[in-house]
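Asker: Here is my input; please provide its structure:
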Amino acid sequence: MNDFGLSRKIQSENNNEYIASSEAKVPIRWLAPESLIEARYTIESDVYMFGSCLFEMFARQKPFYWIQDIDEVNQERRKGLKLDLRLHCPKDGTAAPCPEEIMKLMEDCLQHDPQKRPTMQQVEQRLSEIFTNYKGSNDALNLPKQPEPEAKSDLKQSINNPDASAPPNICSDFQSLEDFLKSVKCEQCLQVFIDNDVKLEDLPLFTLEELKELLPNKLGPVKRIHAALVKYQRK
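Answerer: Reported below is the predicted structural model:
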């Protein structure tokens, strides 16, 4: 959890503690308070940073995400600002559901007093007990039912899932991909389609956005290709 490449520059008499030199660049949002203020890195500060990572995983945001300016984060943290998922859970619905057991572990890891944090052995034991007890069961972890994710309209998905929109009869009108592109005066785009393993029968599956992604900075050809494909696409 700690970057010992930075912190090993000065080793204290305590074998479990490292003190970083003043010029070291550090991840301010993730650091334990004692690391931020005193440049002191210990096993306990590693545990705090593990808690920061848990926050990041479940909030799906970097720690202290609600403060954009890093200097302000630095100042507020030095004044005692704490990282707390219960208080600072994103309100836009993007956060992952956090089981109460994980929430409590996170809070314990993020204690400002290093002596109140669990050891890494205790963290491992608690995680092991959580997953042993629940076996990944959503019901046991009291996780809300998650809606099925919407199908992404990316290039690979459209090509690899022809059943989502069976291609109309474009192959009866054109003998090859090159023939089609010539018909819309876009033969200069042929190599791009070839490089992406796109075949003639794949073309009706493309949306306008996917064509833009495939042919960036070629708005004219994209519009002509899309317009020509409309009659081959299932409504």
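Asker: Name the residues that touch stretch 179-188?
Answerer: With C-beta atoms under 8 Å, 6 or more residues apart in numbering as the test, stretch 179-188 has contacts from 170, 173-174, 178, 189-190, 193, 200, 203, 221, 224-225, 227-228. Quick note: C-beta positions are derived from backbone N, CA and C, even for glycine.
Asker: got the contact list for the longest helix belonging to the chain?
Answerer: Criterion DSSP state H: the longest helix present in the chain is helix 43-59. Residues outside helix 43-59 that contact it (C-beta under 8 Å, 6+ apart) are 1-2, 16, 29-35, 62-63, 65, 83, 85, 88-90, 95-98, 102, 105-111, 114-115, 117-120, 123.
Asker: List the buried residues for it?
Answerer: 44-52, 54-56, 58-59 (16 or more other C-beta atoms under 10 Å).
Asker: Filter the contacts of stretch 179-188 down to the buried ones, ChimeraX style.
Answerer: Buried residues within those, by 16+ other C-beta under 10 Å, are selected in ChimeraX with:
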select :170,174,189,190,193,200,203,221,224,225,228
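Asker: For residue 40, what are phi and psi?
Answerer: In terms of degrees, to the nearest 10, the main-chain angles of residue 40 are phi -110, psi 130.
Asker: just checking, it touches residue 34?
Answerer: Yes. Applying C-beta atoms under 8 Å, one finds residue 40 in contact with residue 34, separated by 4.9 Å.
Asker: Okay, helices next: where are they in the chain?
Answerer: Counting by DSSP H, the helices of the chain are 4-7, 33-38, 43-59, 70-78, 85-88, 100-109, 120-134, 155-160, 177-183, 190-195, 208-214, 219-229.
Asker: Need the winner for burial among the ones you listed.
Answerer: Ranked by mean neighbour count, the helices of the chain are led by helix 43-59 with a mean of 21 (mean count of other C-beta atoms under 10 Å).
Asker: can I get the CA coordinates of that helix in CSV?
Answerer: Coordinates of each C-alpha in helix 43-59 appear next as CSV, following Å, rounded to 0.1, in the frame of the first residue of the first chain:
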residue,chain,number,x,y,z
ILE,A,43,2.5,-0.4,9.1
GLU,A,44,-0.4,1.5,10.6
SER,A,45,-0.3,4.1,7.8
ASP,A,46,-0.4,1.2,5.3
VAL,A,47,-3.6,0.1,6.9
TYR,A,48,-5.1,3.6,6.6
MET,A,49,-4.2,3.6,2.9
PHE,A,50,-6.0,0.3,2.5
GLY,A,51,-9.0,2.0,4.0
SER,A,52,-8.6,4.8,1.4
CYS,A,53,-8.6,2.2,-1.3
LEU,A,54,-11.8,0.6,0.1
PHE,A,55,-13.4,4.0,0.0
GLU,A,56,-12.3,4.4,-3.6
MET,A,57,-13.7,1.0,-4.6
PHE,A,58,-17.1,1.6,-3.1
ALA,A,59,-17.5,5.3,-3.7
